[in-house]
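[1] Here is my input; please provide its structure:
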Amino acid sequence: MGLGHVTRDVAIAGEIRKLRPDLEIDWIATSPAREYLEERGEQVLPVSDWWGDPTGQAEIIADGGQELNLVKWALGLRKGWGQTGRLAFDLLQSGTYDVAIGDETYDLAIVLVDQPSPPACPCFLLFDFLGLDAMTRSPIELLAVMKLNRIWSSEPRGRYHPVFLGELEDIPPRSFAPFRPDRRTWAERYALIAGHVLTFDPSEYRDRAAVRARLGYGPEPLVLASTGGTAVGADLLRLCVGAFPHARERIPNLRMVVVCGPRLSLTVSDLSEGIEVKGYVPRLYEHFAVCDLTIAQGGGTSLLELTALGRPFLYFPLAGHSEQTIHVAWRQERLGAGVRVVQSQTSAAQLGSLIATEIGREVHYPPLRLEGAKRLAEAVNERLC
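    Numbers count the residues shown, from 1 in each chain. Predicted structure coming up:
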């Protein structure tokens with residue numbers, strides 16, 4: 001979902017191409033990743049149409065609000081996963097491909113675990129969190145989590161190579177399910193712990209004044225609000241717009257930029273002076289680099305970029321979204337990066353006060369392992385050889 005996965009996939013593809021300039025890459029991708037790839041001249045297979053619109057399914061469940069239950073989303077797609085997983089497996093069996101890389105391709109993972117024979121080529125499946133977690137006491141949700149985590153925690157066989165994009169300590173020490181292994185132990189035993197993947201070098205943005213001038217920002221204190229590449233998060237952006245006058249009472253020259261992304265348009269009847277609403281912004285990380293404070297959802301990629309850039313930020317994990325509320329939050333708390341905020345418990349006045357308190361705060365985060373794309377490229381090249 002969103003754009004975080006595909007941007008890192010393009011970075012990984014770039015590292016592989018450095019080692020194998022003759023490599024041809026076919027992509028299977030759905031919106032908005034598909035448009036992102038096509039704009040960059042990548043070859044997206046027409047068979048991608050069979051994968052439907054999983055991002056749209058998530059947006060329907062969330063209804064633009066504050067909650068997105070991942071288990072409910074997975075259950076809604078489970079039948080389709082069986083079909084697309086077999087389709088992907090048949091493509092690999094065709095003899096056309098020498099290696100496959102799937103970024104959280106749960107459909108293919110399910111087929112690889114259940115298939116008695118190995119695929120015709122090595123398959124690297126990428127994850128930045130391990131296992132689903134029940135977020136309610138619903139028996140259906142609890143059973144679904146146990147079933148899906150049983151598949152997830154199976155011993156990889158044949159040419160199935162799991163890859164964790166992050167650091168081992170980013171994995172909470174939780175079991176997949178009763179009588180199933182601990183997630184961190186499983187990753188240490190079976191997965192390549194590659195490190196993080198970024199699409200840019202943070203050292204190139206140390207001269208914030210120069211980058212700020214290039215992007216057209218002035219010297220006034222600057223807040224950026226963004227919720228990523230889906231339409232989920234409209235309520236959070238409206239909360240930010242409502243909080244701005246409260247913050248500006250304490251910081252008279254404050255400026256706020258609200259970024260909607262490729263699938264969301266925000267209509268506000270009466271914008272306060274000092275607020276600018278933008279649509280999709282390529283290379284949003286450049287704007288992260290120069291802001292005095294960023295307000296974001298709990299997406300793993302956005303928060304990783306803000307951490308790597310060493311910027312202060314507030315983040316609002318989606319309720320019911322186990323990846324954001326448990327796994328990403330665990331990583332951010334471990335790093336001491338960002339201030340976690342609960343949207344349902346935060347009024348516009350409270351957020352305005354928080355903005356005034358946190359803006360421009362000096363932060364010091366520990367260094368990150370950012371060699372994920374290079375390490376994965378080396379592993380893929382080794383298999384190609």
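
[2] what's the neighbour count on the residue nearest to Arg361 when sequence neighbours are not counted?
    Once flanking residues are discounted, Arg361 sits nearest to Pro312: 4.6 Å by Cβ to Cβ, 6 or more residues apart in numbering. All C-beta atoms are positioned from the backbone trio N, CA, C, and that covers glycine. Look at Pro312: counted by other Cβ atoms under 10 Å, it has 18 neighbours.

[3] where does Pro312 fall, phi/psi-wise?
    phi -70, psi 140 (degrees, to the nearest 10).

[4] isn't it right next to Thr357, touching?
    No - Pro312 is not in contact with Thr357 according to Cβ atoms under 8 Å; the separation is 10.2 Å.

[5] do you know how far the residue nearest to Arg361 is from Asn381?
    Using Cβ to Cβ, to the nearest Å, Pro312 is found at 39 Å from Asn381.

[6] which regions of this structure sit below the pLDDT cut-off?
    Scanning the chain for pLDDT under 70 picks out 63-64, 269.

[7] all strands of it, in order?
    Secondary structure of the chain (DSSP state E): strands at 26-27, 43-44, 100-103, 123-127, 160-164, 192-193, 222-226, 255-259, 275-278, 293-297, 313-316, 339-340.

[8] Between these, which one is closest to Asp114.
    strand 160-164 (11.3 Å; Cβ to Cβ).

[9] partners of that closest one in the sheet?
    According to DSSP bridges, strand 160-164 forms sheet pairs with strand 123-127 (parallel), strand 192-193 (parallel).

[10] got a list of contacts for the shortest one?
    So the one you mean is strand 192-193. Strand 192-193 has contacts (Cβ atoms under 8 Å, 6 or more residues apart in numbering) with 161-164, 166-168, 187, 375-376, 379.

[11] closest to Ile16 among the residues you listed?
    Nearest member of the contacts of strand 192-193 to Ile16, counting by Cβ to Cβ, is Leu376, at 8.0 Å.

[12] Not counting its neighbours along the chain, what's nearest that closest one?
    Counting by Cβ to Cβ, 6+ apart, Ala194 is the residue found nearest to Leu376 once chain neighbours are left out, at 5.1 Å.

[13] check contacts around the one you found.
    163-166, 371-372, 375-376, 379 are the contacts of Ala194 under Cβ under 8 Å, 6+ apart.

[14] Drop anything exposed from those residues.
    For the contacts of Ala194, a burial check counting by 16 or more other Cβ atoms under 10 Å picks out 163-166, 372, 375-376, 379.

[15] how about the residues you listed in JSON lines, adding distance to Thr30?
    What follows is these, written out as JSON lines (distance: Cβ to Cβ, whole Å):
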{"residue": "Val163", "distance to Thr30": "21"}
{"residue": "Phe164", "distance to Thr30": "23"}
{"residue": "Leu165", "distance to Thr30": "20"}
{"residue": "Gly166", "distance to Thr30": "24"}
{"residue": "Gly372", "distance to Thr30": "23"}
{"residue": "Arg375", "distance to Thr30": "27"}
{"residue": "Leu376", "distance to Thr30": "22"}
{"residue": "Ala379", "distance to Thr30": "26"}
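
[16] Restricted to helices, list those residues.
    372, 375-376, 379 (DSSP state H).
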